[in-house]
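In: Could you look at this predicted model? Sequence included:
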Amino acid sequence: MKKLFIKTYGCQMNVYDSARMADLLAPLGYGPTDVPEDADMVILNTCHIREKAAEKIYSELGRLKKVKDARQRGGGSMMIAVAGCVAQAEGAEILARQSAVDLVVGPQSYHRLPEMIARLARGAGHALETDFPAEAKFDALPENSAGVGPAAFLTVQEGCDKFCSFCVVPYTRGSEFSRPVAHVVAEAEDLVAKGAREITLLGQNVNAYRGPGPDGEVWSLARLIGALAQIAGLQRLRYMTSHPRDMSDDLIAAHRDIGLLMPYLHLPVQSGSDSILQAMNRQHAAGDYLRLVERFRSARPDIALSSDFIVGFPGETDKDFEATMSLVRDVGYAQAFSFKYSARPGTPAAAASKQIPEDVKDARLQALQALLSAQQDAFNAACAGRILPVLFEKPGRREGQAVGRTPYLQPVHVDGAASLIGRIVDVRIEAALANSLKGALTLPVEKVLVH
Ligand code: 5AD
Ligand code: SF4
């Protein structure tokens, strides 16, 4: 058995892609390892979204070169592949800069890994695939492996046509593509047959989903969710990431009507200032976003909200930043991600004149994160004393402990719940910790197991 080590950077879509690359390579005799030193093949599945992404990959490759050299001195061999969005953005530059790299494969072409490996084995030299091939990648992927967990991911949409002025995604992932409904349903049924109880539908811009349906019509994400909710054995559905501009009435209504759809919404706003939103090419104003939030809350009053924010976008004044703080206060988030703006090569904002000094970005990020983390603490603290259904996903650190998630996506640790992995069980929330909750079963575990 050959050993495969995959290091995944970035978003859940890369996590999904890494799992699919492992599935693709399994028939070639590759099994997983956690240790790069033992690996016959190393894949770096990279992210290009923020900061010095490419530089970090080059330094990781420098470290891996030493590992590869040591293996070769010992008579072994190691193949190194760079996949994902840095591979797409840098392409042949990677092969030119780091001779230890054998393969470079973009996010739309990784289904070609087996043939690339075969070419290498024939001594055909380095291999590069960064086209957006006409044939659908998804059609060429094998089934998910047997080892899917209780909470699975399923990519239904890829790419983005929004062209926010700070973002590389439209360039690295290409234009919007939605998988056909029948393929998504078949993959979901397969995941459930292999043990998944919850499925998160993934897409860079998932609510722009417009997939060809079996009836010849174009289906929306809400309609897709409605069909998936019929799968026997599936108990929870989620989706991410959404764009405010693509939000539709039927998706809001789905949060009211479909019990399986969890009360959680990741809806990035990026900024609370209309002039910055405009400079970002977001195609919505702060007021549009607040109205959407209100509509979701009318459909599903307990919905937990999450967002992404960028501080220090070129031209952002103190007043603009204050508008972001004010929007956060108005919404009240359960959880959120915030980042300092980083100029990404090739994006329009990178060329803007009024770049913000690093110390100003730092101060703004600190203030925003303090507010967001106070909101997260308040949201978690409000759960203490409640009984919430928890889907147990994996063992915890302590013997007998299991970790699961509430409908609001909070992690919960429960002692004595190890035998409940894969089940949804009522848990009394006892305390809110820094980034998770502590809970206890409401029934003895033997009673839960007979139900
Ligand atoms: N600088 C900082 N943050 C960025 N993001 C995307 N591009 C940049 C950038 N150039 C953030 C956005 C997006 C999240 C995935 O990453 O907030 O929603
Ligand atoms: Fe990037 Fe904007 Fe598309 Fe999101 S919507 S992937 S931030 S361009």
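Out: It's in. Ligands and ions are numbered 1, 2, ... in the order given.

In: How about the residues of the stretch 151-300 of the chain by ligand 1?
Out: 166, 167, 268, 270 (CB under 6 Å from any ligand atom). Every C-beta, even on glycine, is put in place using the N, C-alpha and C of the backbone.

In: Leaving out chain neighbours, which residue sits closest to the third one?
Out: By that I understand residue 268. Closest residue in space to residue 268, ignoring its immediate chain neighbours: residue 308 at 3.8 Å, by CB to CB, 6 or more residues apart in numbering.

In: Any idea how many residues pack against the nearest residue to residue 157 once chain neighbours are set aside?
Out: Closest residue in space to residue 157, ignoring its immediate chain neighbours: residue 203 at 3.0 Å, by CB to CB, 6+ apart. Other residues lying near residue 203 total 27 when counted by other CB atoms under 10 Å.

In: and residue 203, what are its phi and psi?
Out: The phi and psi values for residue 203, taken as degrees, to the nearest 10, are phi -170, psi 150.

In: Residue 423 versus that one, what's the distance?
Out: 28 Å (CB to CB, to the nearest Å).

In: so what pLDDT did residue 53 get?
Out: What the model reports as pLDDT for residue 53 is 81.

In: In this structure, which residue sits nearest ligand 1?
Out: residue 308 (3.3 Å; CB to the nearest ligand atom).

In: Is the residue nearest to residue 268 bridged to anything, and to what?
Out: With DSSP bridges applied, residue 308 shows beta-bridge pairing to residue 337.

In: Next up, the contacts around it.
Out: Residues in contact with residue 308 (CB atoms under 8 Å, 6 or more residues apart in numbering) are 241, 266, 268, 269, 270, 336, 337, 338, 339.

In: Let's have those in JSON lines, adding neighbour count and pLDDT.
Out: Converted to JSON lines, the contacts of residue 308 look like this (neighbours: other CB atoms under 10 Å; pLDDT from 0 to 100):
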{"residue": "241", "neighbour count": "20", "pLDDT": "96"}
{"residue": "266", "neighbour count": "19", "pLDDT": "98"}
{"residue": "268", "neighbour count": "20", "pLDDT": "98"}
{"residue": "269", "neighbour count": "26", "pLDDT": "98"}
{"residue": "270", "neighbour count": "25", "pLDDT": "98"}
{"residue": "336", "neighbour count": "22", "pLDDT": "97"}
{"residue": "337", "neighbour count": "13", "pLDDT": "96"}
{"residue": "338", "neighbour count": "20", "pLDDT": "97"}
{"residue": "339", "neighbour count": "18", "pLDDT": "95"}
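
In: Out of these, the closest to residue 427 would be?
Out: Compare each of the contacts of residue 308 with residue 427 using CB to CB and the shortest gap goes to residue 266, at 23.2 Å.

In: which residue packs closest to residue 25, ignoring adjacent ones?
Out: Residue nearest to residue 25 in three dimensions, not counting chain neighbours: residue 4, with 5.7 Å by CB to CB, 6+ apart.

In: Partner strands of the helix or strand hosting that neighbour and their direction?
Out: Secondary structure from DSSP states H and E places residue 4 in strand 2-8. Each strand paired with strand 2-8, and its direction, by DSSP bridges: strand 30-32 (parallel), strand 41-46 (parallel).

In: if you compare these, which one is most tucked away?
Out: strand 41-46 (a mean of 25; mean count of other CB atoms under 10 Å).

In: just to revisit the earlier point, ok, now which ones touch the residue nearest to residue 25?
Out: Residue 4 touches 22, 25, 30, 31, 32, 33, 39, 40, 41, 42, 43, counting by CB under 8 Å, 6+ apart.

In: Save the residues you listed as CSV, and put in distance to residue 234 too.
Out: As requested, those are exported to CSV (distance: CB to CB, whole Å):
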residue, distance to residue 234
22, 23
25, 28
30, 30
31, 29
32, 26
33, 32
39, 35
40, 37
41, 34
42, 35
43, 30
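
In: Which member of those is positioned nearest ligand 2?
Out: For the contacts of residue 4, the nearest to ligand 2 is residue 43 (23.1 Å; CB to the nearest ligand atom).

In: Which residue ranges of the stretch 301-450 of the chain form helices?
Out: Using DSSP state H, counting those that start in this stretch, the helices of the stretch 301-450 of the chain run over 318-331, 358-381, 445-450.
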